[in-house]
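In: give me a model of this one.
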Amino acid sequence: MPTTERSKVDTATVASTIVNAGLDIGYIVVGLAVAGPVANGDPFVAGNGWGIVLQGAFLLGFDAWHARRVPIAVTA
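Out: Residues are numbered from 1 along each chain as shown. Prediction:
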């Protein structure tokens, strides 16, 4: 694959990973809302909220790891 084409692929991959990271933060925020005020003392609902937080945190870490491993093409 030519360097310029590879660079476009790398840039698109990093951009989509950044969008995914934003969505992961949304998961965490929604999970905290469900675990707190939305649960209204219901342990089942609160547990589901904490599950969403855990999922969002894992996905955020995975996306960060993936973004750092994308090789950046060096153009001379």
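
In: SS state for the most centrally placed residue in the chain?
Out: The centre of the chain sits closest to residue 21, judged by Cα atoms, centre = their mean, with a distance of 3.0 Å. Under DSSP: H, G, I helix; E, B strand; the rest coil, the three-state class of residue 21 is helix.

In: what is the helix or strand bottoming out on mean pLDDT in the chain packed up against?
Out: Between all helices and strands in the chain, the lowest mean by mean pLDDT, DSSP states H and E belongs to helix 3-33, at a mean of 84. Helix 3-33 sits against helix 43-69, with contacts defined as 3 or more Cβ pairs under 8 Å, 6 or more residues apart in numbering; DSSP states H and E. All C-beta spots, glycine's among them, are computed from the backbone N, C-alpha and C.

In: average pLDDT for the helix it packs on?
Out: When pLDDT is averaged over helix 43-69, the result is 94.

In: which parts of that helix are buried?
Out: Across helix 43-69, burial judged by 16 or more other Cβ atoms under 10 Å covers 46, 48, 49, 52, 53, 56, 59, 60, 63, 67.

In: cool, stretch 16-27 as well?
Out: 17, 20, 21, 24, 27.

In: any idea how far that stretch is from the chain center?
Out: 4 Å (Cα atoms, centre = their mean, to the nearest Å).

In: need the contact partners of that stretch.
Out: 52, 53, 55, 56, 57, 59, 60, 63, 64, 66, 67, 70 (Cβ atoms under 8 Å, 6 or more residues apart in numbering).
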